[in-house]
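Q: Have a look at this prediction, sequence included:
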Amino acid sequence: MRSVVVVPTYQEAENVVELLRRLRAANPDVDVLVVDDSSPDGTAGLARAAAEELGRVDVLVRPTKEGLGNAYRAGFRLVIDRGYECIVQMDADLSHDPAALPSLMAALTDGVGLVIGSRYVPGGEIPHWPLHRRALSRWGNRYTRWVLRLRVADTTSGYRVWRTATMVQAGVLDSTAIGYLSQIEAAYRVVRAGEHLAEAPIVFTDRIRGESKMSGAVIWEELSHVTWWGVRDHLVPGLRGALRRRLPPN
């Protein structure tokens, strides 16, 4: 399959060149699209210079910073228009190992439309993560699985391999999620559309350089939307069904 890696960036000047070099070394047959939100630190310029060195790398610069979800969807639309059959998404901060990509792509077997690189299946690891971050991530994933009845161990992982047809069929481009919620919503849309996903283990290495994009607003977006979807799609229909069963027949 003709494949492309979409990498959103904002203020990743310290990481983007190393990422692109490692991607090219581990995956010489894969194209790359960097989607930069006009980073003030010159990320786009460094990515363009690396593109000249490495080849098969394009850079899309958006006029303003509009969040991770919007950056991904802009990149997805572009590569879908270019006819790619397989789309990879990964972080720019080197937390996702480019050398793991071949194994993730190999898991995209017949009948599977999305492979999630998972920290929480056997073989997955998060070395050196602080206890409070590990606990927050675990709790968030468990809450999401419970509320949405979603059988996915790692709902927020951003290392993913898609069949383009599945992404389109599930309506991923119709999302309006801004932050990491876009990862949860994409997996939820896949399941709701009756498509199949799989998880494959990854080792997640926390960023060494640069600043995390996690914030209170990002956490609130996830918590509020996941709760609302659970109420809308599961609690309310369940209550309606129970009420109908209790009412006497006409």
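A: Yes, it's here.

Q: Quickly find the element holding the residue nearest the centre of the chain.
A: The residue lying closest to the centre of the chain (C-alpha atoms, centre = their mean) is residue 158, at 3.2 Å. Following DSSP states H and E, there is no helix or strand that holds residue 158.

Q: start the count at 190, not 1, going forward
A: Taking 190 as the first residue, the last one we looked at is residue 347.

Q: That one touches residue 370, doesn't it?
A: No - contact criterion C-beta atoms under 8 Å: residue 347 and residue 370 do not qualify, at 11.6 Å. Backbone N, C-alpha and C define where each C-beta goes, glycine included.

Q: what about the residue nearest to the centre of the chain, distance to residue 243?
A: Distance, residue 347 to residue 243, using C-beta to C-beta, to the nearest Å: 22 Å.

Q: where does the nearest residue to residue 298 once chain neighbours are set aside land in three-state SS?
A: Distances taken as C-beta to C-beta, 6 or more residues apart in numbering put residue 387 closest to residue 298, at 7.7 Å, once the chain neighbours are dropped. Secondary structure state of residue 387, per DSSP: H, G, I helix; E, B strand; the rest coil, is strand.

Q: With residue 247 instead?
A: Quick answer, by three-state DSSP: residue 247 is strand.

Q: Who are the contact partners of it?
A: Going by C-beta atoms under 8 Å, 6 or more residues apart in numbering, residue 247 touches 220-223, 240.

Q: What of residue 235?
A: 202, 205-206.

Q: Most neighbours out of those residues, which is it?
A: residue 205 (29 neighbours; other C-beta atoms under 10 Å).

Q: how close does it get to residue 252?
A: With C-beta to C-beta as the criterion, residue 205 and residue 252 are 19 Å apart.

Q: can you list contacts of the longest helix anywhere in the chain?
A: Longest helix of the chain, by residue count under DSSP state H: helix 320-337. Residues outside helix 320-337 that contact it (C-beta under 8 Å, 6+ apart): 308-309, 315, 318, 339-345, 373, 377, 395, 408, 411-412, 415-416, 418-419, 422-423.
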